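Asker: heads up, no residue letters with this:
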């Protein structure tokens with residue numbers, strides 16, 4: 001157990017990576033976010049319920065998710081390959097977008113530097129595609145702000161072209177498109193990503209509760225007893241830990257620490273997010289005087305997965321739950337560490353006949 005606590009403490013100290021992350025990263029979790037001002041050097045493979053790019057990826061983005069968003073102001077200096085329930089490009093992609101999805105949206109503010117290849121149930125192009133567009137979709141809409149620099153080839157049941165939409169090359173329908181190119185992968189319904197994220201988070205929660213049952217109960221108690229304080233601790237960690245890691249990164253010795261921190265960042269936040277869902281589930285069960293940790297885990301992960309589907313509200317809920325779990329996890333680790341330090345000293349004093357004091361909780 002001492003070794004386990006030590007590992008978790010190391011993860012805590014390296015919880016948040018500096019703004020520039022390591023090359024060829026792999027991130028996974030309920031939500032994978034490249035924040036505004038953050039730069040990922042090289043390729044990024046992201047697997048999660050939601051993948052959001054608000055910063056810069058200086059390579060290719062490979063996303064397997066329920067929802068993929070390259071937000072306005074976000075940049076992918078390479079190709080985007082997305083297998084997801086919903087894909088929305090509102091920022092800049094300098095390469096090719098290849099999206100196999102239920103819904104594909106190229107927003108008005110979006111720029112696709114090369115070609116667009118998509119297989120989806122619904123496709124909306126409202127931004128700019130500098131190259132060719134090959135779309136296999138049940139419904140394709142070119143908004144009045146759409147600008148396709150090359151040829152447009154489509155295989156759809158319904159094609160809507162609004163007045164003002166421009167296509168630099170030819171526009172033609174090809175009924176064999178769905179089976180004759182990179183867009184031949186079947187579309188993925190949105191509920192597939194939701195179920196995937198739910199099952200992955202539930203599996204991690206089961207492992208945490210099975211391996212660390214007492215510690216997991218302690219995390220739930222910390223979050224339930226003082227949720228606002230736990231959220232505050234979570235916010236504080238997200239602000240202070242990056243500063244510490246940046247200080248490490250200015251030295252040659254500290255650079256490897258920063259890289260390790262970037263790799264551990266996604267894992268730690270994933271654990272914190274699952275613990276946050278667990279806290280919510282345990283709290284909901286307590287309202288009905290039910291105390292099963294397993295049922296609490298199932299309920300919490302399910303409720304958060306459902307709320308995450310609500311526009312705007314889902315993102316806020318995910319953030320609050322993450323901060324709640326992060327703060328509660330940090331406080332539980334601190335309490336466990338203090339308990340390990342106090343108990344041996346107290347036992348020695350008792351054996352030697354010293355003053356009998358009750359050790360601090």
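Answerer: Received the coordinates, thanks. Everything numeric here is computed off the predicted structure, so don't read it as measured data.

Asker: Which parts of the chain are helices?
Answerer: Ranges of helices in the chain, per DSSP state H, are 2-13, 190-211, 213-225, 227-249, 254-286, 293-307, 313-351.

Asker: any idea which of these scores lowest on pLDDT?
Answerer: Among the helices of the chain, helix 2-13 has the lowest mean pLDDT, at a mean of 44.

Asker: circling back to that earlier point, which stretch among the helices of the chain comes nearest residue 131?
Answerer: Closest to residue 131 of the helices of the chain is helix 190-211 (Cβ to Cβ; 27.5 Å). Yep, even glycine has a C-beta here, placed from its N, CA and C like the rest.

Asker: Report the angle between the closest one and helix 254-286.
Answerer: 90 degrees (axes from the mean of the first three to the mean of the last three Cα atoms, to 10 degrees).

Asker: helices and strands around helix 190-211, which ones?
Answerer: On a contact count with 3 or more Cβ pairs under 8 Å, 6 or more residues apart in numbering; DSSP states H and E, helix 190-211 meets strand 25-34, strand 44-53, strand 61-70, strand 80-89, helix 254-286, helix 293-307.

Asker: Flag every buried residue along the longest one.
Answerer: Residues of helix 254-286 classed as buried: 254, 257-262, 264-266, 268-283, 285 (neighbour count, 16 or more other Cβ atoms under 10 Å).

Asker: Tell me how far that helix lies from the chain's centre.
Answerer: 11 Å (Cα atoms, centre = their mean, to the nearest Å).

Asker: Check which helices and strands it sits against.
Answerer: Secondary elements touching helix 254-286 (3+ Cβ pairs under 8 Å, 6+ apart): helix 2-13, strand 25-34, helix 190-211, helix 213-225, helix 227-249, helix 293-307, helix 313-351.

Asker: Name the stretch among these that sits most buried.
Answerer: Neighbour counts (mean count of other Cβ atoms under 10 Å) averaged over each of those peak at strand 25-34, with a mean of 23.

Asker: partners of that one in the sheet?
Answerer: Its sheet considered, strand 25-34 pairs with strand 44-53 (parallel) by DSSP bridges.

Asker: what angle sits between the partner strand and helix 293-307?
Answerer: Going by the same axes, to 10 degrees, strand 44-53 makes 60 degrees with helix 293-307.

Asker: Now do strand 44-53, average pLDDT.
Answerer: The average pLDDT within strand 44-53 is 86.

Asker: mind listing what's buried in that strand?
Answerer: By 16+ other Cβ under 10 Å, the buried positions in strand 44-53 come out as 44, 45, 46, 47, 48, 49, 50, 51, 52, 53.

Asker: How much space separates the closest residue in space to the fifth one that isn't next to it in sequence from residue 25?
Answerer: Take residue 48 and drop its neighbours on the chain: the residue closest to it by Cβ to Cβ, 6 or more residues apart in numbering is residue 32, 4.3 Å away. Computed with Cβ to Cβ, to the nearest Å, the distance linking residue 32 and residue 25 is 10 Å.

Asker: again, but for residue 148
Answerer: Between residue 148 and residue 25 the distance is 32 Å, computed by Cβ to Cβ.

Asker: Ramachandran angles for residue 126?
Answerer: phi -120, psi -10 (degrees, to the nearest 10).

Asker: Go ahead and confirm it touches residue 112.
Answerer: No. The criterion here is Cβ atoms under 8 Å, and residue 126 misses it with residue 112 at 11.8 Å.

Asker: More neighbours: which of these two?
Answerer: More crowded of residue 126 and residue 112, by other Cβ atoms under 10 Å: residue 112, with 26 against 20.

Asker: For residue 194, state which of the buried residues of strand 44-53 is nearest.
Answerer: Using Cβ to Cβ, these come closest to residue 194 at residue 49, 7.1 Å.

Asker: Please give me every residue in contact with that closest one.
Answerer: Contact partners of residue 49, counting by Cβ atoms under 8 Å, 6 or more residues apart in numbering, are 30-31, 65-67, 193-194, 196-198, 201, 305, 308.

Asker: what two of the residues you listed are the furthest from one another?
Answerer: Farthest-apart pair in the contacts of residue 49 is 67 and 201; separation 14.9 Å (Cβ to Cβ).
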